[in-house]
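Trainee: when you get a sec, could you give me coordinates for this:
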Amino acid sequence: MENKMANVKPKLWTKDFIIAACASFFISFVFHILMVTIAAYAVATYDVPTSQAGLATGMFIIGALVIRLFVGYLIETFGLKRLLLASLLIYILSCLLYLVEVNLAFLLLNRFIHGAAMGMATTVTSTIVAQIVPPQRRGEGIGFFTLSPVLANCIGPFAGLLMSQSVGYKPIFLLCLVLSVAGLGIAAVLRIPAMAASPHPKGIHLSNFIEPKVAPVCLVILIGGFCYSGVVSFLSFYAQEIGAVKAASMFFMVFAVAILLSRPFTGRLFDLKGANFIMYPAIVVFAAGMMLLGTAHNGFTLLLAGAIIGLGFGNIQSITQTLAVQLSPPSRIGMATSTFFIFLDIGFGFGPYVLGLLIPYTGYGHLYFLLSFVILATLVLYELANGRNERASKKMHTTA
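Mentor: Coordinates of the predicted model:
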C-alpha cells in the first residue's frame, strides 16, 4: 500500500495552476494582438512615417526589459499577489489610454508603461507557477504553462490583422480592455503560497537585479533568442526573395503547432531524464532548422524549417526557464525567473539591430545558415553551464 501511494503523482492541474495559465493567456493575447497592429494604427491616426510608427512597437519591449531589471527585487519586497494585481491594474489603465487619441509621444509613453506592466505580470505569473507545481513535475508543469503564450501567439496576430481590416482599431483596444479586466478578475482569486524570505544585502549589488547562479544557463536562451529574432524580423523579406510569400504567412503557425505538440512530452522527459536529455538534441535540432531555412528554395522547405525550429527553439525556451527555477534557491525563484526573461529580452531586443547590420554583407539565406553555427556553439556553453554538473550529480546518486 505504501509503495502504491509513493508511485502516485502529485496533482498538476489544480485550480490555481489553471487560473495562472488563463491569466498568462490573456496577458499574452493582448501583447500579440497589439504587436501586429499598433504601428499601422500610429500611421493611420497620427500620419507619421513608418520609422517613427515602428517605435510604438519597440517601446513596449523596452518597457518590459527595463522593469524586469527590478521585478525580482519587487517580488521579494512586496510579494507575488500584490505585484500581480498591481501590474494587471496598470495593464487595464494602459488599454483604456489607447482609446484616448493625443499624439505619438503620448502613445509611445503608454506603450512603455504597458510593456512595463506586461514585464511585471509575465514574470510574476511564471514565478507563481514555479511555486505551485510539484517540484517532481516542474518540467512538465512549466512546459504546459508556457503553452498559454504559444496559443496566444497563434491566435493574437491573426485576430489583430483580421479585426484591423474589418472593424478598425477601437474594437481591438476594447477587446484588449475586456481581456485585461478578465485577467485581473481571475487573478484576484488565485491562491499563492508564501515565498521564503530572502535577505537583501545593503547597497547596490548584481544580485539585486539578477540571480548570478542561473546567469550562465540563461546565456543559452540569450543567444537562442538573438538568433531566432532574425527569423521573426526578416522572414517576410526572405520569403519575397525566394518566392514563398504564401508559405511565410503560415510559418509561425507551423512553428507554434510544433511547440504545442512537443512540449507536453519534453516537459515530462525533463522530469524523468533531466535537462541534458532534452537540451542537447534541442540545440542540434534548432541549428538544423536554421540551416534548412537558410537553404530553402520553396514554400514546403520553408514550412518544414519552421516546424524544426519550433521543435528546437521552442523546447530550449521552456527547458531553460525550468532550469533557471531549479538551479536557484527557493527564496530566489522570483529573481531567477526575472533573470531568464531579462536574458531572453536582450537577445530578442538587440538581435534585429545587430543582424540587420550584417544582412547587406550576407543576404538573408546566408545569414540564417551562419546563425546555425552560432546555435551549435551553445552546446559548449550549455555543457559548461549545466551539462557536466548534471552528469556528475547523476553519477553521485547512482554510486551512493
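Trainee: hmm, who's touching stretch 268-276?
Mentor: Stretch 268-276 is contacted from outside by 136-140, 143, 277-278, 319, 322-323, 326, 386-387, 390-391, 394, using Cβ atoms under 8 Å, 6 or more residues apart in numbering. Any C-beta I mention is one placed from the backbone N, CA and C, and that applies to glycine too.
Trainee: list buried residues within these.
Mentor: 137-140, 143, 278, 319, 322-323, 326, 386-387, 390 (16 or more other Cβ atoms under 10 Å).
Trainee: farthest-separated two in these?
Mentor: Using Cβ to Cβ, the two most remote members of the buried ones among the contacts of stretch 268-276 are 137 and 387, lying 22.5 Å apart.
Trainee: neighbours of the residue lying closest to residue 101 once chain neighbours are set aside, how many?
Mentor: Of all residues not flanking residue 101 in the chain, residue 45 sits nearest, at 6.0 Å (Cβ to Cβ, 6 or more residues apart in numbering). Look at residue 45: counted by other Cβ atoms under 10 Å, it has 14 neighbours.
Trainee: from residue 30, how far off is residue 45?
Mentor: 19 Å (Cβ to Cβ, to the nearest Å).
Trainee: other SSEs contacting the longest helix along the chain?
Mentor: What stands out as the longest helix in the chain, according to DSSP state H, is helix 333-382. Applying 3 or more Cβ pairs under 8 Å, 6 or more residues apart in numbering; DSSP states H and E, we find helix 333-382 packed against helix 50-78, helix 104-132, helix 215-242, helix 276-294, helix 299-327.
Trainee: residue contacts, the spatially closest residue to residue 125 that is not a sequence neighbour?
Mentor: Leaving aside its chain neighbours, residue 125 sits nearest to residue 24 (4.8 Å; criterion: Cβ to Cβ, 6+ apart). The contact partners of residue 24, taken as Cβ under 8 Å, 6+ apart, are 122, 125-126, 145, 148-149.
Trainee: how far away is residue 24 from residue 42?
Mentor: 27 Å.
Trainee: before we move on, back to that, distance from the chain centre to the longest helix of the chain, please.
Mentor: With Cα atoms, centre = their mean, to the nearest Å as the basis, helix 333-382 stands 14 Å off its chain's centre.
Trainee: and the next helix or strand past it?
Mentor: helix 388-399 (DSSP states H and E).
Trainee: mind exporting the C-alpha coordinates of that next one to CSV?
Mentor: Extracted in CSV, the C-alpha atoms of helix 388-399 (Å, rounded to 0.1, in the frame of the first residue of the first chain):
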residue,chain,number,x,y,z
ARG,A,388,28.6,18.5,-16.9
ASN,A,389,27.2,19.3,-13.4
GLU,A,390,24.0,17.3,-14.1
ARG,A,391,26.0,14.3,-15.2
ALA,A,392,28.2,14.5,-12.2
SER,A,393,25.2,14.8,-9.9
LYS,A,394,23.5,11.7,-11.5
LYS,A,395,26.8,9.7,-11.2
MET,A,396,27.0,10.6,-7.5
HIS,A,397,23.4,9.5,-6.9
THR,A,398,24.0,6.2,-8.8
THR,A,399,27.1,5.3,-6.8
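Trainee: what is the mean pLDDT for it?
Mentor: On average, the pLDDT along helix 388-399 is 80.
Trainee: for stretch 176-194, same thing?
Mentor: Rounded mean pLDDT across stretch 176-194 is 89.
Trainee: let me see the residues that make contact with it.
Mentor: With contacts defined as Cβ under 8 Å, 6+ apart, stretch 176-194 is touched by 16, 19-20, 22-23, 26-27, 29-30, 33-34, 79-81, 84-85, 88-89, 91-92, 95-96, 98-99, 121, 128, 131-132.
Trainee: among those, the buried ones, what's the ChimeraX command?
Mentor: In ChimeraX syntax, the buried subset of those is picked out as below (16+ other Cβ under 10 Å):
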select :16,19,20,22,23,26,27,29,30,33,34,80,81,84,85,88,91,92,95,98,121,128,131,132
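Trainee: look through every helix and strand of the chain and give the one with the lowest mean pLDDT.
Mentor: One helix or strand of the chain scores below all others by mean pLDDT, DSSP states H and E: helix 2-7, with a mean of 47.
Trainee: after it comes which helix or strand?
Mentor: helix 15-35.
Trainee: between helix 104-132 and that following helix, find me the angle.
Mentor: Following axes from the mean of the first three to the mean of the last three Cα atoms, to 10 degrees, one obtains 160 degrees for the angle between helix 15-35 and helix 104-132.
Trainee: begin at 11, not 1, for the rest of this chat.
Mentor: OK, 11 is where the count begins now, so the last one is helix 25-45.
Trainee: and helix 25-45, C-alpha only, in CSV?
Mentor: Taking Å, rounded to 0.1, in the frame of the first residue of the first chain, the C-alpha atoms of helix 25-45 are listed here in CSV:
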residue,chain,number,x,y,z
LYS,A,25,-7.5,25.3,-9.9
ASP,A,26,-4.6,27.7,-9.2
PHE,A,27,-2.5,26.3,-12.0
ILE,A,28,-5.3,26.7,-14.5
ILE,A,29,-6.1,30.2,-13.3
ALA,A,30,-2.4,31.2,-13.7
ALA,A,31,-2.3,29.7,-17.2
CYS,A,32,-5.5,31.6,-18.2
ALA,A,33,-4.2,34.9,-16.8
SER,A,34,-1.0,34.3,-18.8
PHE,A,35,-3.0,33.7,-22.0
PHE,A,36,-5.0,36.9,-21.6
ILE,A,37,-1.8,38.9,-21.0
SER,A,38,0.0,37.4,-23.9
PHE,A,39,-3.0,37.7,-26.3
VAL,A,40,-3.2,41.5,-25.6
PHE,A,41,0.6,41.7,-26.3
HIS,A,42,0.4,39.8,-29.6
ILE,A,43,-2.7,41.4,-31.0
LEU,A,44,-1.2,44.9,-30.5
MET,A,45,2.2,44.0,-31.7
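Trainee: nearest to residue 273 among the contacts of residue 34?
Mentor: Nearest to residue 273 out of the contacts of residue 34 is residue 155 (Cβ to Cβ; 9.6 Å).
Trainee: ok, the closest one - contacts?
Mentor: Counting by Cβ under 8 Å, 6+ apart, residue 155 touches 27, 30-31, 34, 136, 139, 143.
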